[in-house]
Structure formats: structure tokens, C-alpha cells
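Q: I would like the atomic coordinates for the input below:
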Amino acid sequence: MTDNPTPAHTAADEQADPPTVPLLAPADGVPPVLVGPDDFAAAAEKLRAGSGPVAVDTERASGFRYSQRAYLIQIRRAGAGSFLIDPIEHPDSLAPVISALDGPEWVLHAADQDLPCLHELGLRCASLYDTELAGRLLGHNRVNLAAMTAQFLGYELRKGHGAADWSKRPLPDEWLNYAALDVELLVELRDAMDAALRDAGKDEWAAQEFAYLLSRPPSPPRQDRWRRTSNIHSLKTARQLAAVRELWESREELARQRDVAPGRVLPDSAIVDAAQSDPRTVEDLTALKVFGGPRQRRHARRWLAALNRARDLPDDQLPARKAPTTGLPPVNRWEPRHPAAAARAALVRPAVVRVAESVSVPAENLLSPELVRQVCWNGAEPTGSAVDEALEAGGARPWQRELTRDAIAQALGEAAKQV
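A: Residues are numbered from 1 along each chain as shown. Here you go, the predicted model:
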């Protein structure tokens with residue numbers, strides 16, 4: 001690994017799009033959709049006989065379904081070919097596929113999007129390669145799969161069905177063609193990007209990041225998710241917030257039961273409208289926009305019951321007007337409360353950005369913004385070893401610590417002189 005790597009591709013390289021060849025269909029045709037135990041067992045046998053990394057992708061039905069389950073799994077391996085697996089009817093019969101994929105390296109694009117639904121089915125890998133993350137480490141501005149495939153391989157992937165309702169059955173032929181193409185060149189893309197990372201001296205950085213992706217625990221669930229309702233800021237009273245909370249929770253329960261995206265059960269705009277209007281009867285409720293439609297009339301008593309619960313809450317059980325703060329306050333509020341931390345942030349954060357720019361890596365990939373804030377808030381002795389210890393405790397990988405510890409230590413030292 002070099003001390004000051006130079007990326008093989010820079011943002012300037014991307015300003016002029018390279019000439020591309022449209023990739024319209026898989027070279028071997030669109031594979032059949034595999035739906036049952038016999039199909040899965042046969043696919044697993046072929047995958048075991050293949051060689052090298054395995055390209056993996058999934059299609060979900062975000063925006064249509066409540067769950068984030070995989071409705072289609074795409075797999076490709078050299079010597080085995082491509083496979084489209086429908087896991088919906090026989091998820092308990094995937095054991096042969098699970099076994100066949102437990103060992104080879106997986107190649108994914110934006111792995112953090114696909115791994116949760118694959119884990120839900122029991123599919124896990126020993127090692128992975130994330131081509132989106134590789135693109136970030138190489139300093140590319142556009143890191144979607146189509147942009148990376150064009151930049152590194154010269155092929156044009158035509159997108160268009162990623163946001164479709166993949167729970168639909170049967171899946172249209174055009175969608176299946178799109179899904180198969182997502183893994184058609186993924187291993188070749190991995191190889192090209194790996195060569196670029198090696199040339200840039202960033203291959204060890206990538207290896208550490210990929211290992212971290214596999215080892216990091218899942219993020220804790222968000223608290224008070226109902227507060228993310230669109231336009232909730234327009235409400236003025238705690239009682240109105242209580243109405244939003246009760247309607248949101250009732251909608252969430254119904255969406256989960258029906259496996260439908262919450263926004264398709266009841267849009268946020270209707271929740272806020274009902275909280276503001278405070279209808280007391282079914283007739284008043286159904287006179288409101290959205291609630292008067294046939295779909296909402298069927299659930300009118302459910303929504304009215306939620307509003308009544310909010311109305312009946314004692315004052316001391318109403319939600320706070322402002323969301324309870326968790327973690328550190330925003331940096332722009334540090335000055336009056338913790339001026340020393342504010343002084344550190346004013347110097348440390350730009351120092352991290354300068355290091356990121358010097359190695360053509362986004363600052364958020366060089367060090368997580370939350371970790372930078374923690375170091376600024378808590379402080380540390382302005383020495384490389386003390387900063388290294390603080391960064392390691394916050395989960396920073398060795399390559400990140402090596403690049404940033406001295407710059408952060410220097411910034412901390414300068415900040416200490418100002419206080």
C-alpha cells in the first residue's frame with residue numbers, strides 16, 4: 001500500500017462519458033425463473049461446479065410492500081451461468097442454494113441494501129466485494145451500477161425497473177431481462193475495479209471496508225418514527241402530534257398485517273390533515289380529502305378510533321412538542337453549551353475534508369461524520385496515538401486511522417491554543 005495513493009479514475013475522468021455498447025440481453029438469454037425445491041437443488045449443483053466469485057443481486061418491492069423481503073434473487077457464476085430464483089413460495093427449500101453459496105466470495109453492488117433480505121432467507125457469505133463502495137474509494141462521483149459498468153467495461157446498462165413492484169406474479173419478461181443483466185457483468189466489473197484499486201494503492205482499504213460490512217451489527221431501530229411524517233412541522237399543538245402518532249401507529253399495524261407499504265394504506269398528507277381538522281364523527285372524517293374515497297371509507301372507524309385515543313389522552317401523556325434528543329446535538333448548537341468542542345469541530349472537520357480530498361475519497365467514507373463529531377465533542381490528547389485510540393474505539397478501520405490521526409491531532413492541538 002502506498003502512503004499517498006493516486007486514484008486510477010477521478011471525477012474529471014467522468015466528465016466525458018466513455019463510448020459504450022448497449023447491453024440489451026444476457027449473452028446466454030434470460031434464464032428461467034426457478035420456483036421449487038427441485039429447481040433450487042439443480043441450481044445449487046451447477047453453482048458448486050462453477051468457479052470464482054458469485055455475482056448476487058435482489059429485487060424487492062419497496063414502495064409497494066411493507067416488508068423488505070427479496071422477491072427475486074439473481075445469481076451468476078463462471079462455469080455455472082445465471083439463475084433467477086423466486087423464493088416466495090418455497091423459502092424453506094433454499095437449503096441447497098444456501099450451502100452452495102456459503103464459501104465463494106459474493107460480488108454485490110450496494111451490499112447494505114441486499115444483505116438484510118438475503119440474511120432473512122438464511123443466505124450468508126464468508127466474504128464479499130461491493131462494487132459501489134469500490135467506486136467511492138476510487139473517488140467516482142457517480143457510483144450506480146450503470147455508471148460503473150459504462151466507466152470500467154464500456155457497456156451501457158439500461159435501467160428502468162428497479163422501483164417496480166417485484167411482488168407481482170408472473171413477472172414480465174422485460175423485468176426478468178433487466179434483472180438478469182444486473183449480474184451479467186458484475187464479476188467482470190469487480191475484476192476491473194479491483195485492478196484500479198490496486199493501481200491506486202487502495203486495495204487494502206477496500207478489503208478492510210468489505211470485511212467491516214460483514215461484521216458490523218445492524219443499526220438500532222429509529223425512535224419515534226412517526227415524527228418523520230411529512231409536513232408534521234405544520235402542526236402547532238401536542239394534541240395534534242398525538243393524533244399523528246395514533247394514526248401512524250394504526251396505519252403501521254394495518255400495513256404490516258396486509259404487507260402493503262404504509263403510504264399506500266394512508267398517505268402522510270391525510271394523517272396531517274386529520275390531525276389539523278380534528279373530525280369527531282365518521283361523517284366529518286370522510287368529508288376530508290382522501291378519507292372520502294372507497295378504500296378509506298372501509299377503514300373509517302379505525303382511523304376515527306385512533307383520533308379518539310389521541311383526544312382522550314391526559315395532558316401528561318401527550319408527546320413532547322420537540323423530539324427527544326439522542327446522541328450529540330447539532331454542531332451549530334455547540335458554541336454556547338460546549339465552546340471547547342465547537343472550537344475543535346471548527347478545525348477538525350475541515351482537516352478531515354482536506355485529507356479526504358488529498359486521496360480522492362468522500363469525507364464520509366474516510367471517517368463517519370458521527371465519529372468525527374464524537375472526537376470533537378469528547379476531545380483527545382493532541383497526539384497521534386491518543387487520536388488513534390479514540391478512532392479505534394469508535395470503529396474506524398486501520399486505513400482510516402492511519403490517514404487521519406495526525407491531521408486530527410494537529411487540529412486538536414491548534415484548537416486547544418484558542419480556548
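Q: what is the neighbour count of residue 330?
A: Neighbours of residue 330 under the rule other Cβ atoms under 10 Å: 8. Yep, even glycine has a C-beta here, placed from its N, CA and C like the rest.
Q: can you check the pLDDT for it?
A: Note for residue 330: predicted pLDDT of 91.
Q: look up phi and psi at it.
A: Dihedral pair for residue 330: phi -60, psi 150, per degrees, to the nearest 10.
Q: contact partners for it?
A: Contact analysis of residue 330 by Cβ atoms under 8 Å, 6 or more residues apart in numbering lists nothing.
Q: quick one: it from residue 377, how far?
A: When distance is defined by Cβ to Cβ, to the nearest Å, residue 330 is 11 Å away from residue 377.
Q: burial check on residue 165, number of neighbours?
A: Residues near residue 165, counting by other Cβ under 10 Å: 17.
Q: state the distance from it to residue 256.
A: 18 Å.
Q: again with residue 272
A: Between residue 272 and residue 256 the computed distance is 21 Å (Cβ to Cβ).
Q: neighbour-wise, which of these two wins?
A: A side-by-side neighbour count of residue 272 and residue 256, using other Cβ under 10 Å, places residue 272 first with 21 against 13.
Q: just say helix, strand or coil for the more buried one.
A: helix (DSSP: H, G, I helix; E, B strand; the rest coil).
Q: got the domain boundaries for this protein?
A: The record's domain parsing of the chain by automatic domain parsing lists 11-215, 225-317, 331-418.
Q: for those domains, give me JSON lines that also has distance to residue 323.
A: Below are these laid out as JSON lines (distance: least, Cβ to Cβ, whole Å):
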{"stretch": "domain 11-215", "distance to residue 323": "24"}
{"stretch": "domain 225-317", "distance to residue 323": "5"}
{"stretch": "domain 331-418", "distance to residue 323": "14"}
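Q: so which strand or helix has residue 43?
A: helix 37-49 (DSSP states H and E).
Q: report the backbone C-alpha coordinates of that helix in CSV.
A: The C-alpha coordinates for helix 37-49 follow below in CSV (Å, rounded to 0.1, in the frame of the first residue of the first chain):
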residue,chain,number,x,y,z
PRO,A,37,-37.2,-27.4,-4.5
ASP,A,38,-36.1,-29.5,-7.5
ASP,A,39,-35.1,-26.3,-9.4
PHE,A,40,-33.2,-25.0,-6.3
ALA,A,41,-31.3,-28.3,-5.9
ALA,A,42,-30.3,-28.3,-9.6
ALA,A,43,-29.1,-24.7,-9.5
ALA,A,44,-27.1,-25.4,-6.4
GLU,A,45,-25.3,-28.3,-8.1
LYS,A,46,-24.4,-26.1,-11.0
LEU,A,47,-23.2,-23.3,-8.7
ARG,A,48,-20.9,-25.7,-6.8
ALA,A,49,-19.4,-26.8,-10.1
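Q: contact partners of that helix?
A: Counting by Cβ under 8 Å, 6+ apart, 34, 54, 75, 77, 79-81, 83, 85, 90, 93-94, 96-97, 99-101 sit against helix 37-49.
Q: buried sites along the helix or strand hosting residue 306?
A: Residue 306 belongs to helix 300-312 when assigned by DSSP H and E. Neighbour counts over helix 300-312 (16 or more other Cβ atoms under 10 Å) mark 300, 303, 304, 306, 307, 309, 310 as buried.
Q: how close does the fifth one get to residue 231?
A: As for residue 307, its distance to residue 231 is 18 Å (criterion: Cβ to Cβ).
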